[in-house]
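Undergrad: the following block contains a protein sequence and its predicted model.
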Amino acid sequence: MNLLASEGVDEMVDGARHIRPHWRGVLGGLSMLSDSLAARQRRLDQAFDDEGVRSILPGTHIDDEADGVWRCDPIPLPISAMEFAELEAGLAQRATLMGALLDDLYGRQDVLARGLLPPALVFNNPGFLRACHLSSPTFHPRLNFYAADLIRTGDGRWHVLSDRTSGAAGAGLARENRRILARVLPEMFRAVQIRPLRPFFDLWQDSLTQAAPLDRPHPTVALLTPGPGSPQWLEHMFLSRELSCHLVEGGDLTVRGGVVYLKMLTGLHRIDVILRRLEGRMIDPLELSSGSLLGVPGLMDAIRAGTVRVVNDPGSGLAEAPALAAFLPALCDELLGERLRLPSVETVWLGDPEARARVLGDTARWLIRSATDGLGQPKPVSDLDPDARARLLEDIARRPVDYAAMAAVSPSLAPCAKGAELVPQAIVLRMFLVRNAGVWQAMPGGLARHLEPGQLTGQLPARGISKDVWVLAEGSEHIVGPAPQPQTRLPIRRTFGELPSRTADNMFWLGRYIERLESAARLTRAIILRLGRNIPMPREHMELQLLEACLAASHLNAPERQEAGAPLAVAIAASIREGGTIARLLGHVGRLTELVRDRLTGEMYASFTHMLRAAADEATNSGGNLDALAHTMASIQRFSTVVAGLAAENMVRGGSWLFLDMGRRVERAALTCDHLGVVLDQPEARWELGLRLALEICDSAITYRSRYFTTLQPGPVLDLVIADDSNPRAVAFQLTTLGGLLGHIGDGGDDRLKLQAESLLRMAQAIVSDLLAEEEHAESLQAVPPRLAALAEGVRALSDLLFRRYFALLPMPRAVGVEQEDETPGLGQGVGRQPALRGAA
Amino acid sequence: MRFKLRHITSYAYSDQVDLASHMLHLTPRPLPWQSVRGVRIHCDPAPARTSHAIDHFGNSVNWLFIDRPHEHLRVTAESEVEVAFPPAPAPEETQPWERVVEQARVAGPDAWQAAEFTFAGPMVPNDQGAGPYVAESFPPGRPILAALLDVNARIKRDFAFRPLSTTITTSVARVMAQKAGVCQDFAHLMIAGLRSLGLPARYTSGYIRTYPAPGRPRRVGADVSHAWVGAWLGEAHGWVDLDPTNNLLVREEHVVLGWGREFGDVSPLRGIILGGGDHTPSVSVDLEPLGE
């Protein structure tokens, strides 16, 4: 890549063209593969696909391009035990140094008073959070986690490209790489003995538990994420699983009386340790960025009160300033009394007039980067076009303190699979350390990735090719876990209420949207089948109109069919195109699936997404052809059935399943009432037609025939589709189930809601019993549609009650006394994400 | 000069507020030349939790956390203050301004803390047109305080004091263009200009004594929050306070609440609320001279 100087060192082959010893095992493993490398690469991609590491669902906005997010190269990067030990010692020293430096800068600031560090790197650094610098000293280590990006330069030594003190992504992804690689390339693992990754996560988990306030013997840990809109969402999900902690957004937390709580269905649940994966300046809108809706008002106060520990400390991003590298050797001497063991890539700060003169005199040798923004990309002055170059030089002359320069270096090359061949690629290595019982320990592994132009430093990009990093084991003494802790016996738990309100909310809406999607597909398919007959009979015309009216009654046809005079076939084709009703429903279901993903098993998630994507693809490719459209609708119906089956067989009957099922029941009850109301609202001459459609809509024609043969009568039909609580398509079935589900929430549930469900059930039963009691069906059948409408309204009111009782805990915070800064990234919205559906009720 | 100070902030909300957190910079900062007694902060409704700390700049901060529904908030801050700023050095005897710039840049043992106030902040970014304007008062070699007094007078002369012509987020560039604003805008403008020359300048929040119209009694609660500029004269003389809104060298008619880089560091009351609908704030300040 052109950012870098000449060809780099080869990781695999030495100067004399010999294979380096620590690569022999890897190459031996590759030679034992039973099929081609390319085939394994495909299986690896497929496995990543299944795990959703690459998946992009319709409606999710992680990335707009349909291409993969992360791929894993089948060739790992081996590191010898000795080299790893050196790296670990060097990184542990840097982590210790960073911790000491942060303690000083957020405390007495001696390094500034003594002139060891220019004030510009602190006071002119957006990462220096003044709210974290208060009179009261902190006795906790500010760093619990440290990561670094490293490259091996031309001299064969590893150099640190960036220090990551705030919370770098990739540890979760590294673990995922290892897991999947072990499954797809088991031969390789038999050929080489490598150190496992899991013990590192045990250590990490242990260190988080120990970070808790002293008076909290059984602490609860939460990972604070910006939410599903974040490019690191997957990483956060993997990590929270690996560390067995809650995955929370700012809106899930609340501070009361100086204590942080997670909003659960049953109430507030205290949080003791927060693993911060949200930018430090975003965590508390009261004291930091007032525009941040991602944070928790009062969190800084709780930190000062010592009721919660946030790791790493919110202000720790300060130490990521690139220009700091120029001062680290001297700081290490002064603060630790040691020589710096692991060097940075040569860096100078341009606020120093001598260094500036040196850099500007030889621009080809240097890359310019921000002095304080560790995520900014280094720029080669010589590659800029004349205008940009003049602007940059002018800016440096005006504000030299804002800039640093880094020597251009050539990263090492490692072989990567490309088809059947191995191609050398420039790589960067990210390593991770945690502090446990005062000692820094490195993950025996890491995340290596191909260096793409423009990705030299900074956040992990949303896509790329990564490599598993293998630290070779020497003997078995390396396999160590944390020191055994005296563990108290866990009480057996079978609670339904220990679910974050947001998750319950998302599950509920996922259930409702799946049901709406199914209903729209079922009706649309019924329409398509009739349109397919060349010359429709008058009866079919009538049926088409009624089916159409059913869609309209539930707002399942807006807006594409409201255009006057649009032929039905055109309208249906429009409904699955982008922006159409069915396309939008697919989008909602995809988005919600992604939101609740951390609650689904891997297999469930994979099945959901495969089918959903297949349906979405079919929809896009049908091109308005009626047969293809009918097929798509059938696929959507199958999807819905599979979801129901998977949920029934694979989900513990806890909060998640409860709310998913409640969502479906509520929506099916309401939609069935809507649709029956439409088809039964007929003059006597068309009763039969209406009753037949009622059975079709409720998928109950076969059951009816088995009970009553071919005689259609209002009483038996309505009993089957409304009052029969053994028919899973009948209204009564939904209400009975719903009543039972409501009784399971939390501590016995909310009686008001249960009573409401029971009264709705009686309403439904009364519709049928009143009809059966009448001698003359004619008049009483006419009374049915209004009563169904009232019932539908009651069901929707119950849904609103449910919403208010369980989800309305999450309103949006607002700032007063200060104008909103215009910097809110559009991530992690609160409740009210589903306005379209709520409005339709 | 002694004062009795009362600052009342009220919010009326159109909807109920369920949860509120507020951060206050409302108690005068104790200083060698300002003694503060009888500090009292009262909040209605009663907060569930209060805390206090000294912030990064050395100012006193209070927090109020209210966790019960309310439609009205009233925060009263009271204290008694006695002020007498030390006399400023003779302007012509202060050092040339370029030496002050150099001292701030090198950031030696007596200058590194002042160096913080040479950098841009979120509300006072670099270069908004204030630089060239302020620079006119800084010909080469001019003693720093002489130059500062000149800028102070020019701002008073060139800009109109016009309440409500700006908000708390009006940019310096906008104020330069409309040639009008309030005390906070003039302070930000002067700070931006001084910093663009490399001079340390800070934002001071407080109050100034007002005088009733001749023959009228003093009106209670008619005072307002005020803001002015702290400027650094170099290692030898330290900081001096200048009030560009009134073209004054600050002596004993100003009361200091605290200082920071800009308004946002010392805003008297800011908060985050859940619920609330529209809100109407109102502020009443009373700075009553004692013992006259």
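TA: Nice, I can see it. Numbering: from 1, shown residues only, chains lettered A, B, ... in the order given.
Undergrad: what's the local residue count around the residue in the stretch 451-600 of chain A positioned nearest to chain B?
TA: Closest contact between the stretch 451-600 of chain A and chain B, by C-beta to the nearest C-beta, is at residue A:501 (14.3 Å). Where you see a C-beta, it was placed from the backbone N, CA and C, and this is true even at glycine. Residues near residue A:501, counting by other C-beta atoms under 10 Å in any protein chain shown, number 22.
Undergrad: buried stuff in stretch A:695-706?
TA: Residues of stretch A:695-706 classed as buried: A:695, A:696, A:697, A:698, A:700, A:703, A:704 (neighbour count, 16 or more other C-beta atoms under 10 Å in any protein chain shown).
Undergrad: dump these into a markdown table; add secondary structure and pLDDT as well.
TA: Putting the buried residues of stretch A:695-706 into a markdown table (DSSP: H, G, I helix; E, B strand; the rest coil; pLDDT from 0 to 100) gives the following:
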| residue | secondary structure | pLDDT |
| --- | --- | --- |
| A:695 | helix | 94 |
| A:696 | helix | 93 |
| A:697 | helix | 92 |
| A:698 | coil | 93 |
| A:700 | coil | 92 |
| A:703 | helix | 92 |
| A:704 | helix | 93 |
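Undergrad: can you add distance to residue A:270 and give these back as TSV?
TA: Shown next, in TSV, are these (distance: C-beta to C-beta, whole Å):
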residue	distance to residue A:270
A:695	54
A:696	53
A:697	49
A:698	47
A:700	50
A:703	51
A:704	55
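Undergrad: farthest pair within those?
TA: A:697 and A:703 (13.4 Å; C-beta to C-beta).
Undergrad: residues near residue 80, how many?
TA: Answering for chain A, as no chain was given. Look at residue A:80: counted by other C-beta under 10 Å, it has 16 neighbours.
Undergrad: looking at chain B here, not the other one
TA: Neighbours of residue B:80 (other C-beta under 10 Å): 16.
Undergrad: for it, phi and psi?
TA: With angles defined as degrees, to the nearest 10, residue B:80 sits at phi -120, psi 130.
Undergrad: pLDDT score for it?
TA: Here, the pLDDT recorded for residue B:80 equals 97.
Undergrad: can you check residue A:36 too?
TA: On the pLDDT scale, residue A:36 is placed at 88.
Undergrad: contacting residues around it?
TA: Residues near residue A:36 by C-beta atoms under 8 Å, 6 or more residues apart in numbering or on different chains: residue A:420.
Undergrad: can you tell me which residues in the stretch 201-350 of chain A are near chain B?
TA: A:254-258, A:285-287, A:290, A:297-298, A:301, A:304-305 (C-beta under 8 Å from any C-beta of the partner chain).
Undergrad: how about 10 Å then?
TA: A:254-259, A:284-287, A:289-290, A:292-293, A:295-302, A:304-305 (C-beta under 10 Å from any C-beta of the partner chain).
Undergrad: closest to residue A:652 out of the buried residues of stretch A:695-706?
TA: Set against residue A:652, the nearest of those by C-beta to C-beta is residue A:698 (30.1 Å).
Undergrad: wait, isn't the closest one in contact with residue A:721?
TA: Yes - counting by C-beta atoms under 10 Å, residue A:721 is a contact partner of residue A:698 at 4.3 Å.
Undergrad: intersection of neighbour lists for the two?
TA: Common neighbours of residue A:698 and residue A:721, counting by C-beta atoms under 10 Å, 6 or more residues apart in numbering or on different chains, are A:672, A:675, A:676, A:704, A:727, A:729, A:730, A:731.
Undergrad: quick check, the second one in a helix?
TA: What it means is residue A:675. Yes - assigned with DSSP: H, G, I helix; E, B strand; the rest coil, residue A:675 falls within a helix.
Undergrad: which residues touch it?
TA: Residue A:675 neighbours (C-beta under 10 Å, 6+ apart): A:519, A:522-523, A:546-547, A:549-551, A:553-554, A:556, A:693-694, A:697-698, A:721, A:788, A:792.
Undergrad: and the nearest residue to residue A:719 once chain neighbours are set aside, which helix or strand is it part of?
TA: Leaving out its chain neighbours, the residue that sits closest to residue A:719 by C-beta to C-beta, 6 or more residues apart in numbering or on different chains is residue A:768, at 5.2 Å. Element membership for residue A:768 (DSSP states H and E) is helix A:751-773.
Undergrad: with residue A:240 instead?
TA: Using DSSP H and E, residue A:240 sits in helix A:233-242.
Undergrad: what of residue B:62?
TA: According to DSSP H and E, residue B:62 maps onto strand B:60-66.
Undergrad: on that earlier part again, ok, the helix or strand following the helix holding residue A:240: who's next to it in the sheet?
TA: Counting by DSSP H and E, the next helix or strand C-terminal to helix A:233-242 is strand A:246-248. Strand pairing for strand A:246-248, using DSSP bridges, gives strand A:221-224 (parallel).
Undergrad: work out the gap between the partner strand and the centre of the chain.
TA: Distance, stretch centre to chain centre, for strand A:221-224: 14 Å (C-alpha atoms, centre = their mean, to the nearest Å).
Undergrad: mind listing the strands for the stretch 51-200 of chain B?
TA: Listed in chain order, the strands of the stretch 51-200 of chain B (DSSP state E, counting those that start in this stretch) span B:60-66, B:70-83, B:160-161, B:180-181.
Undergrad: the first one vs strand B:70-83, what angle?
TA: Counting by axes from the mean of the first three to the mean of the last three C-alpha atoms, to 10 degrees, strand B:60-66 points 160 degrees away from the direction of strand B:70-83.
Undergrad: and residue B:165, what pLDDT?
TA: 79.
Undergrad: kindly report the same for residue A:446.
TA: Looking at residue A:446, its pLDDT is 95.
Undergrad: for chain B, what is the nearest residue in the stretch 401-550 of chain A?
TA: residue A:401 (8.1 Å).
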